[in-house]
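A.B. asks: Provide a 3D model corresponding to the input given below.
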Amino acid sequence: MRLAYDPSHYRDNTNLKETIDAVARLGYEWVELSPRKDFIWFYEYPKVDKQLIKDLKRYCSDAGVQISSVLPVQQWSSPNEAERQAAVRNWKRCIEITSELGVDLMNSEFSGDKSRPLESEAAFVRSMEELMPIFEKEGINLNLQSHPNDFIELNTEAIRMIRAFNKDWIKLVYSVAHAFFYDDGIGDVAKHLEEAGDLLAHVLIADTLNHKAAFGLRYIINPPNANVTIHQHLNPGEGEVNFEALYRKLREMRFDGIVTNSVFAYPDKPEWSNELTLKSIREGLHI
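C.D. replies: Below is the predicted model of the structure:
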C-alpha cells in the first residue's frame, strides 16, 4: 500500500520545493500532485517547461519523496465542443509532463455538466477515444472519480462507466468525502467499496457531513432552488462518514493500492490536521 499526501493545504502559500519538503516533514514518502497555479491548474493549459520538471524531480529526490500520481482536472466532458477540444489539448500536455516525470499514474474527475448528462457522457467518450491511445503509448494508468456536480455523481454509475472502456489500466478513485453523493444521501461506504471490487485502486481520506440530512435542511440555501453543490474535506471524525466501516471493509478487501490524505479544510494549521488524519489512517488500516 502507498500512503500519500495531497498537498492542497500548501498550494497557495508555498512554492514547489517548499511543498515537497513539507510532504516529507509530515511523514510521507509519496505525494499526489494535485492542481496548483505554478504547475497544473484547474481547466488551464499546464504552465510547465523542461526546467521545472527537472527541478521538481530534484526536489523529490532530495526530500526522499516519490510522486504517486498526477491529478489534472479538465472539462473533457463538456457539451461545448470548443471547451472539450481545449481540454483534450491540455490533457495531452499533462500526459506528456507525467511521462517526463517518470510517473505511471494519473487520476482525475469525470467533470461535465450535471444538467446535461447524456451530452456530457458523449463528450467524455469522444475525449477518451482520443486520449486512450496516448495513455497506452506512454504506459500511464488512469484512475477516475465521480465528483459532486459532475455528470456522474453516483458510485454505481462511475463503476459502470469505467467498465464500459474495458481497459485494465483504467480504475476507480474512491473519495470518502463524496460518500453522501455516491448514493444520494445514504453514505454506505462499505457497500460502495464492495461494488467497486477489483476496480478500486485509490482511496482519498477525508470526512464530510451529509448534505441530505435534516429533511434536506442541513444546508439552508436562499433562494431554495439555487443550483449549488456542497461538501467538505474534513479530518476523520469531524463529519458523518462511518470510518470504522470504511477501514474494516478496506482491511477485509486487503486493499493494496494508494491511500491519500485528502483533507483540504485547514490551510492555516496543516500540521495539526495531518496529525489527526494520519493517526486515523494508520490505526484504521493497521499500518
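
A.B. asks: all helices of the stretch 101-250 of the chain, in order?
C.D. replies: 117-138, 155-165, 179-182, 189-196, 243-252 (DSSP state H, counting those that start in this stretch).

A.B. asks: just name the most buried of these.
C.D. replies: Mean neighbour count (mean count of other Cβ atoms under 10 Å) peaks for helix 179-182 among these, with a mean of 25. (C-beta placed from N, C-alpha, C; glycine too.)

A.B. asks: quick one: average confidence on it?
C.D. replies: For helix 179-182, mean pLDDT is 97.

A.B. asks: could you list the buried residues of the strand or helix carrying Lys17?
C.D. replies: Using DSSP states H and E, Lys17 falls within helix 16-25. Buried residues in helix 16-25, counted by 16 or more other Cβ atoms under 10 Å: 16, 19-24.

A.B. asks: same check on stretch 101-110?
C.D. replies: 101, 103, 105-110.

A.B. asks: in a helix, that's where Thr260 is, yeah?
C.D. replies: No: the assignment for Thr260, made by DSSP: H, G, I helix; E, B strand; the rest coil, is strand rather than a helix.

A.B. asks: got the contact list for Glu83?
C.D. replies: Gln75 (Cβ atoms under 8 Å, 6 or more residues apart in numbering).

A.B. asks: please apply the same query to Ile186.
C.D. replies: So Ile186 contacts Phe180 (Cβ under 8 Å, 6+ apart).

A.B. asks: which pair in the buried residues of stretch 101-110 spans the largest distance?
C.D. replies: Leu101 and Phe110 (24.0 Å; Cβ to Cβ).

A.B. asks: before we move on, the earlier item: show the average pLDDT along the helix holding Lys17.
C.D. replies: 98.

A.B. asks: which elements pack onto it?
C.D. replies: The helices and strands touching helix 16-25, judged by 3 or more Cβ pairs under 8 Å, 6 or more residues apart in numbering; DSSP states H and E, are helix 50-63.

A.B. asks: quick one: buried residues of the helix it packs on?
C.D. replies: Result for helix 50-63 [16+ other Cβ under 10 Å]: buried residues 53, 56, 59-60, 63.

A.B. asks: turn those into TSV, including pLDDT and distance to His211.
C.D. replies: Below are these laid out as TSV (pLDDT from 0 to 100; distance: Cβ to Cβ, whole Å):
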residue	pLDDT	distance to His211
Ile53	98	39
Leu56	98	36
Tyr59	98	38
Cys60	98	37
Ala63	98	38
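
A.B. asks: low-confidence ranges in the stretch 101-250 of the chain?
C.D. replies: By pLDDT under 70, the stretch 101-250 of the chain contains no weakly predicted segment.

A.B. asks: same thing but at 90, please
C.D. replies: 215-228 (pLDDT under 90).

A.B. asks: any chance of the helices of the stretch 101-250 of the chain in a markdown table, with distance to Val88 too?
C.D. replies: What follows is the helices of the stretch 101-250 of the chain, written out as a markdown table (distance: least, Cβ to Cβ, whole Å):
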| stretch | distance to Val88 |
| --- | --- |
| helix 117-138 | 5 |
| helix 155-165 | 16 |
| helix 179-182 | 26 |
| helix 189-196 | 27 |
| helix 243-252 | 34 |
